[in-house]
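Undergrad: Next comes the sequence, and after it the predicted model I'd like to discuss.
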Amino acid sequence: MPIRILLPIALVVLVAGPASAASFDLERLLDDLAPADGVLASEYVETRASGLLTEEVQVHGHIEYRSPGELEKTEQRDDEERTVTIREGTVRLETAEETRTFPLTRSRQLTALMDLLEAVATGDADLLREAFESDLDGDPDAWRLRLRARRGGGGSGEGADARPLRLEVTGDDIGIEYIRLESSEAGRLTLELLRDADA
């Protein structure tokens, strides 16, 4: 069963309609990916790597994005579980021991991810271009979208000195397979969106 999209990272069904290679552009890609109900949901595996970590960290769980601007993501690692909720520009992190909140603008990676998911959930290529410089290559059967966050952080308001955050989104005619985010301060994060074994 295909993902419905993010982050539908089952995401609820990213369905891609027919498109010829000649007409394959950003508008067509986002139109194909956008779910009818604005909800993206999927099981995922996330891998994090940075200079602050001695080895890669891997978590898994369920991610669901609802337009406009709401995300809920469960993270499971060994016996530990955390829930990340984003609503009205606030990030809430909950574990069995504590709950923390902070403004979304404090995280360049989360801000960029939310910008990306909103554009996909709504099928809005102009919205994507407002947040990112973009480069799409491939065809409907195998494509790659490279994104470079504007103003150093996908609308996060970071200063001009901040190195741009980069994303790479890859997929096929079923939908998104991987979302990769890379920044100088946070390192690299890869979300693999899991598809149903029967798909």
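TA: Yep, that arrived.
Undergrad: so where do the helices sit in the protein?
TA: Per DSSP state H, the chain carries helices over the ranges 26-33, 108-122, 125-131.
Undergrad: OK, contacts around the residue of the chain most remote from its centre?
TA: Of all residues in the chain, the one whose C-alpha sits farthest from the chain's mean C-alpha position, using CA atoms, centre = their mean, is E97 at 27.2 Å. By CB atoms under 8 Å, 6 or more residues apart in numbering, E97 lies in contact with nothing. Using the backbone N, CA and C atoms, a C-beta is placed for each residue, glycine as well.
Undergrad: mind checking how far it is from R82?
TA: As judged by CB to CB, to the nearest Å, E97 and R82 stand 10 Å apart.
Undergrad: what do you get for L113?
TA: Here the criterion is CB to CB. By it, L113 lies 16 Å from R82.
Undergrad: quick one: which of these two has more around it?
TA: Applying other CB atoms under 10 Å to L113 and R82 shows that L113 carries more neighbours, namely 26 against 15.
Undergrad: pretty sure that one is in contact with I179, am I right?
TA: Yes. Contact status for L113 versus I179: in contact at 7.4 Å, counting by CB atoms under 8 Å.
Undergrad: could you point out where the protein is predicted with low confidence?
TA: When the per-residue scores of the chain are filtered using pLDDT under 70, the ranges that remain are 1-22, 51, 53, 151-163, 196-199.
Undergrad: give me that answer again for 80
TA: Low-confidence segments of the chain, defined by pLDDT under 80: 1-22, 51-54, 151-164, 184-186, 195-199.
Undergrad: Quick one: the strands in it, in order.
TA: 39-49, 57-66, 70-77, 80-87, 90-94, 99-103, 132-139, 142-149, 166-171, 176-183, 187-193 (DSSP state E).
Undergrad: List the pairing partners of the fifth one within its sheet, with orientation.
TA: Counting by DSSP bridges, the strands paired with strand 90-94 are strand 80-87 (antiparallel), strand 99-103 (antiparallel).
Undergrad: most tightly surrounded among those strands?
TA: Mean neighbour count, computed with mean count of other CB atoms under 10 Å, is highest for strand 80-87 among the strands paired with strand 90-94, reaching a mean of 15.
Undergrad: C-alpha coordinates for it, PDB please?
TA: Taking Å, rounded to 0.1, in the frame of the first residue of the first chain, the C-alpha atoms of strand 80-87 are listed here in PDB:
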ATOM      1  CA  GLU A  80      12.900   4.700  25.100                       C
ATOM      2  CA  GLU A  81      10.100   6.500  23.400                       C
ATOM      3  CA  ARG A  82       9.700  10.200  22.700                       C
ATOM      4  CA  THR A  83       6.800  12.200  21.100                       C
ATOM      5  CA  VAL A  84       7.500  15.300  19.000                       C
ATOM      6  CA  THR A  85       4.500  17.500  18.400                       C
ATOM      7  CA  ILE A  86       4.500  20.800  16.400                       C
ATOM      8  CA  ARG A  87       1.500  23.100  16.500                       C
END
